[in-house]
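J.: This is a predicted model, with the sequence first.
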Amino acid sequence: MTQAEDLSALSRWIGRLEKREDTIGAGPLRELRALLDRDDPEPREGEPIPPLAHWLYFLDTHRQSELGPDGHPRRGGFLPAVPLPRRMWAGSRLEFVRPLAVGARAIRKSTIGDVSVKEGRSGTLVFVTVRHEISDAQGLAITDEHDIVYRGEAGAGASPVAAPTHEAWQREVRPDPVLLFRYSAATFNGHRIHYDHPYATRVEGYPGLVVHGPLIATLLVDLLRRNRPGVALRRYAFRAMRPLFDTAPFELCGAPDEAKRTARLWTRDAQGAITMDATAEWA
C-alpha cells in the first residue's frame with residue numbers, strides 16, 4: 001500500500017472510543033508540585049487538584065515490546081496508523097466543569113473526533129483531534145480536546161512571529177535535561193526527543209532536547225496561578241507555534257483582562273519569537 005493510500009484510509013479511525021479508569025492519587029500531585037518548584041500544602045483527600053493535573057493520570061502503560069523506535073507506542077491501536085515519523089502535541093481546548101478531587105475514582109472516555117490531511121511548508125501533515133471527557137461519581141468534570149500533528153522528517157518549520165511585549169506577568173524558565181526527564185517520568189512519556197540527546201539531535205535533527213508541549217502549557221497555567229492565587233480556571237486553550245529546546249531559556253508571559261476575568265498567556269523564546277499562544281478564563 002502506498003503512503004497516499006495509507007493516508008486516505010485514516011478516516012476510518014474517526015469515532016473510535018477508548019475508556020480508562022484511574023484513582024486521583026496524591027503521589028503525582030507531589031511530583032508536579034516539586035517539578036513546578038511550588039510550596040503548596042500536602043494534597044489531601046477531597047481537595048481539588050490543580051488545573052491540568054489530570055494529565056498525570058490515565059497514562060499510557062504499554063509494554064516495552066509495544067513501543068516504536070521513537071519511544072511512543074506503535075501506531076494502529078487507538079490512534080491512527082499515520083505513516084509519518086514525527087508526532088507532536090499541537091494544542092488543546094479545555095473546559096473545567098468542576099474540579100476533580102484527590103482520592104476520587106475517575107473515568108476518561110476518549111473519542112477520535114477528526115482526522116485531516118493537509119500540505120504545509122514541511123510537507124504532508126496529518127492532524128488528529130481526540131476529545132477526552134473525564135468524569136467521576138458526580139458526573140462530568142473536564143473536557144479536553146487534544147490536537148496531535150504528524151509530519152515527515154525534520155524540515156522547514158513555521159516562520160517565526162514576534163512575541164507580544166506588553167506582558168504584565170513574566171517569568172524566565174531555564175529548561176534543562178533534569179526538568180524534561182522529570183516531566184517525562186511524571187507523565188510516563190517515553191518519547192525520546194525529550195530526554196535522549198543523541199536521538200533528538202542525530203536521528204530527528206533537532207538542535208537539542210525538545211520541551212514538552214503539555215509542560216509548557218502547564219507552566220503558563222502556573223504563571224496564572226502565581227499571579228492570581230485561588231482563581232478557579234473555567235476554560236483554557238493553547239496552540240503550539242514553534243518548538244522550544246533545552247539550549248536556551250525562554251519566558252512565560254501573561255496579560256490579564258481583569259474585567260473579563262481572562263488572560264492571554266504566551267511563551268517567548270531567546271530570539272523574541274512566540275512559541276505557544278494561550279487564553280485562560282476563570283471564575
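T.: Structure received. Residues are numbered from 1 along each chain as shown.
J.: Regarding stretch 36-43, how distant is the last residue from the first?
T.: Start-to-end span of stretch 36-43 (CA to CA, to the nearest Å) is 15 Å.
J.: what is the mean pLDDT for that stretch?
T.: Mean per-residue pLDDT for stretch 36-43: 95.
J.: Any idea how far it is from the middle of the chain?
T.: 21 Å (CA atoms, centre = their mean, to the nearest Å).
J.: How about stretch 15-33?
T.: Counting by CA atoms, centre = their mean, stretch 15-33 comes out at 14 Å from the chain centroid.
J.: Endpoints of that stretch, how far apart?
T.: First residue to last in stretch 15-33 (CA to CA) measures 36 Å.
J.: Quick check: end-to-end length of stretch 184-192?
T.: Terminal residues of stretch 184-192 are spaced 9 Å apart (CA to CA).
J.: Can you show me the strands along the stretch 1-150 of the chain?
T.: 17-23, 86-96, 105-120, 123-136, 139-151 (DSSP state E, counting those that start in this stretch).
J.: Give the pairing partners of the fourth one; include direction for each.
T.: In other words, strand 123-136. Sheet pairing of strand 123-136 (DSSP bridges) gives strand 105-120 (antiparallel), strand 139-151 (antiparallel).
J.: could you give the angle of the shortest one to strand 86-96?
T.: For strand 139-151 against strand 86-96, the angle between stretch directions is 160 degrees (axes from the mean of the first three to the mean of the last three CA atoms, to 10 degrees).
J.: who does the helix or strand that strand 139-151 is followed by touch, helix- and strand-wise?
T.: Note on strand 139-151: by DSSP states H and E, the next helix or strand toward the C-terminus is strand 169-173. The helices and strands touching strand 169-173, judged by 3 or more CB pairs under 8 Å, 6 or more residues apart in numbering; DSSP states H and E, are helix 213-227, strand 250-257. For every residue, glycine as well, the C-beta is placed using N, CA and C.
J.: Indicate which one of the ones you listed is closest to Arg264.
T.: Closest approach to Arg264 among the helices and strands packed on strand 169-173 is made by strand 250-257 (5.0 Å; CB to CB).
J.: Compute the inter-axis angle for the closest one and helix 213-227.
T.: Using the same axes, to 10 degrees: strand 250-257 against helix 213-227 is 50 degrees.
J.: which helices and strands does strand 250-257 pack with?
T.: With contacts defined as 3+ CB pairs under 8 Å, 6+ apart, strand 250-257 has these neighbours: strand 169-173, helix 213-227, strand 262-268.
J.: in the second one, what's buried?
T.: What it means is helix 213-227. Neighbour-count burial for helix 213-227 flags 213-225 (criterion: 16 or more other CB atoms under 10 Å).
J.: Find the centremost residue of the protein, please.
T.: Pro214 (2.5 Å; CA atoms, centre = their mean).
J.: and it, how far is that from Ala90?
T.: Separation of Pro214 from Ala90 (CB to CB, to the nearest Å) stands at 11 Å.
J.: so who does the residue nearest to Ala237 when sequence neighbours are not counted touch?
T.: Distances taken as CB to CB, 6 or more residues apart in numbering put Arg93 closest to Ala237, at 4.4 Å, once the chain neighbours are dropped. Each residue near Arg93 by CB atoms under 8 Å, 6 or more residues apart in numbering is listed here: 144-145, 235-237.
J.: Pretty sure the residue nearest to the centre of the chain sits against Met88.
T.: No: Pro214 lies out of contact with Met88 (CB atoms under 8 Å); the separation is 11.0 Å.
J.: Provide the secondary structure category for Leu180.
T.: helix (DSSP: H, G, I helix; E, B strand; the rest coil).
J.: So for stretch 115-125, mean pLDDT?
T.: Stretch 115-125 comes out at a mean pLDDT of 83.
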